[in-house]
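Student: the following comprises the amino acid sequence and a computationally predicted model.
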Amino acid sequence: SSCYDGGLRLFDTQRLTPLRLMAGHLSDVTAARFHPSDAYAVSASHDGTLRLWDVSSSGCVRLLLGHTGPVTDVAIAPRAEVAASASLDETVRLWDLGSGRARASLPHGEPVSQVAFSSDGQLLA
């Protein structure tokens, strides 16, 4: 779950207990998604960044920089190589999760609130 304190919390849904806190964002966490392998999670924040987290260690593996405004959402492609982020800076960015580099910046002309990949990863809404 994402938090206003800049953290991302993991919970055990069987025991209904908190497991970990992944902290590092400098502002509200606005979205969180699990990587298809479940070994990683990606978070988006009003601080303008995304972070790729190692779920087992709670460590930040990658810091994704490039947006000039708050990041409102994140989606991970089914093949898990690419993430997409939505931002109030009026762009959608595509990220290479292996390197942490931006692959593309797609101008939207309006603040963007959400992103989603199609089931085959060929389309982005």
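Tutor: It's in. Quantities reported herein were computed from a predicted structural model and do not represent experimental measurements.
Student: I figured residue 32 was touching residue 50, is that so?
Tutor: No. Judged on CB atoms under 8 Å, residue 32 makes no contact with residue 50 at a distance of 10.2 Å. C-betas here are computed from N, CA, C, even on glycine.
Student: what is in contact with the two at once?
Tutor: 42, 43, 44, 74 (CB atoms under 8 Å, 6 or more residues apart in numbering).
Student: check what pLDDT the first one gets.
Tutor: So that's residue 42. Here, the pLDDT recorded for residue 42 equals 96.
Student: what number of residues lie near it?
Tutor: Neighbour count for residue 42, taken as other CB atoms under 10 Å: 24.
Student: what sits up against the strand or helix carrying residue 94?
Tutor: Assigned by DSSP states H and E, residue 94 belongs to strand 91-96. Residues outside strand 91-96 that contact it (CB under 8 Å, 6+ apart) are 50, 64, 66-67, 81-87, 101-108, 112, 115, 124.
Student: beyond that strand, next helix or strand please.
Tutor: Helices and strands here follow DSSP H and E; after strand 91-96, the next one along the chain is strand 102-107.
Student: show me what that following strand is packed against.
Tutor: The contact analysis (3 or more CB pairs under 8 Å, 6 or more residues apart in numbering; DSSP states H and E) places strand 102-107 against strand 91-96.
Student: next, the angle strand 102-107 makes with the strand it packs on.
Tutor: Per axes from the mean of the first three to the mean of the last three CA atoms, to 10 degrees, the angle that strand 91-96 makes with strand 102-107 is 170 degrees.
Student: how distant is strand 91-96 from the center of its chain?
Tutor: Centroid separation between strand 91-96 and its chain, computed with CA atoms, centre = their mean, to the nearest Å, is 11 Å.
Student: name every strand pairing with that strand and say which way it goes.
Tutor: strand 82-87 (antiparallel), strand 102-107 (antiparallel) (DSSP bridges).
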